[in-house]
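sequence and predicted structure are below.
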Amino acid sequence: MAADLPPSASTAAPGAGAAHGGAAGAIPLPPGSVPPPPGDELVILVDRALDPRVVVAHEPQSGVAEQYRTFRANLVALNPGGQPRALAVTSAIKGEGKSVTVANLAVALAELPDTRVLVVDADLRSPSQHQLFGRPREPGLADAMLDFVPIERVVAATSLPSLYVLSAGRAVRNSSELLGSSRMSDLIGALKAEFQWILFDTPPALPFADAATLGTRVDGLLYVVRLEKTPRDQSTRALELLRNAGCNVLGSFLAGARSDDGDVRSYVVPED
Ligand SMILES: Nc1ncnc2c1ncn2[C@@H]1O[C@H](COP(=O)(O)OP(=O)(O)OP(=O)(O)O)[C@@H](O)[C@H]1O
Ligand SMILES: [Mg+2]
């Protein structure tokens, strides 16, 4: 990842404040969870509402989880000062793995000590983060933007300490205008006072302007390419479009690459 992250616009200390109105560690166990037995055993409790595709939480020892941690390490290395960062994730076309990548990368970042992470579902056209994290879709981002609902009322805790989610909210017709508004920039600034990393899920970049629009308001953009699915010319065209719009493309996440033993894996290609 050769592209640099710019100096942060926010001067607030990472992790300052509590977006959910309380300490991140004070989240109760989800209903139906069995409390851990006493003793030294390592017990991993995963909320049943969390989608199995959030592999970093469900299978933290797996190779796939490790790949997301490598992705995390690349991002952390780009941000030696530790400033709060807002990043958008997009791809050329639909179904390339944007949402699953956002959710897993967010879990990996939230594993770091003293690191509060927020997932924002800015794919207002086809939102899915509420499903991945087992949350209601509303209220969410669209409601915060349109009704001036305070962020502490729309940001929800997850069962994972330090990880929060802002669902898409109600359906809107003008998502690209909303994401490009000055209110969106204000919201990003306010979120940076509360969270170390803010990851935005977005619609695909070729058919819709949303990702390019939001991409110029965040610190960097991560580009997902689904191997054996995305036609090369479409992938190249979308990347060019994002760069021409002024987005700071940090690197690509190649989803679904096949290793020698036939396993489907993913890996990160830094920007040159
Ligand atoms: N790294 C990966 N390797 C293999 N399959 C993946 C990977 N990431 C996601 N998938 C699968 O691809 C499908 C689409 O994933 P996802 O919903 O994240 O894509 P998307 O780009 O967000 O789609 P949309 O544009 O419709 O929002 C899912 O069924 C998911 O399980
Ligand atoms: Mg998606």
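All right, it came through fine. Ligands and ions are numbered 1, 2, ... in the order given.

walk me through which strands the helix or strand harbouring Ser252 pairs with, and which way each runs.
Assessed by DSSP states H and E, Ser252 sits inside strand 249-258. Paired neighbours of strand 249-258 in the sheet (DSSP bridges): strand 220-226 (parallel), strand 264-270 (antiparallel).

buried ones in stretch 162-181?
162-169, 172, 175-176, 178-180 (16 or more other Cβ atoms under 10 Å). C-beta here means a position set from N, CA and C on the backbone, and glycine is covered the same way.

from those, which two are the most distant?
Ser162 and Ser176 (31.0 Å; Cβ to Cβ).

okay, Leu239: pLDDT?
In this model, Leu239 is scored at 95, pLDDT.

now do the one 3 residues further on
Leu242 is assigned a predicted lDDT (pLDDT) of 98.

would it count as being in a helix?
Yes. Leu242: assigned to a helix according to DSSP: H, G, I helix; E, B strand; the rest coil.

just give me the neighbour total for it.
Other residues lying near Leu242 total 23 when counted by other Cβ atoms under 10 Å.

so who does Leu105 touch?
When contacts are counted by Cβ atoms under 8 Å, 6 or more residues apart in numbering, Leu105 is found next to 68, 71-72, 75, 89, 199, 222.

go again with 10 Å.
Counting by Cβ atoms under 10 Å, 6 or more residues apart in numbering, Leu105 makes contact with 56, 68-69, 71-72, 75, 87, 89, 117, 119, 197, 199, 222, 253.

let me know the closest of the residues you listed to Pro150.
Out of the contacts of Leu105, the member with the shortest distance to Pro150 (by Cβ to Cβ) is Val119, at 18.6 Å.

which helix or strand contains the closest one?
Using DSSP H and E, the element containing Val119 is strand 117-121.

next SSE after that strand?
Sequence order places helix 129-132 as the next helix or strand after strand 117-121, per DSSP H and E.

and that next one, what does it pack against?
helix 98-110, strand 117-121, strand 163-166, strand 197-201 (3 or more Cβ pairs under 10 Å, 6 or more residues apart in numbering; DSSP states H and E).

let's see that with 8 Å instead.
helix 98-110, strand 117-121 (3 or more Cβ pairs under 8 Å, 6 or more residues apart in numbering; DSSP states H and E).

for ligand 1, what's the nearest residue on the stretch 1-150 of the chain?
Gly97 (2.9 Å; Cβ to the nearest ligand atom).

what's around the closest residue to that residue other than its chain neighbours, how many residues?
Take Gly97 and drop its neighbours on the chain: the residue closest to it by Cβ to Cβ, 6 or more residues apart in numbering is Ala255, 3.9 Å away. Residues contacting Ala255 under the criterion other Cβ under 10 Å number 23.

pretty sure Ala255 is touching Val224, no?
Yes. Ala255 is in contact with Val224 according to Cβ atoms under 8 Å; the separation is 5.8 Å.

overlap in contacts, those two.
96-97, 101.
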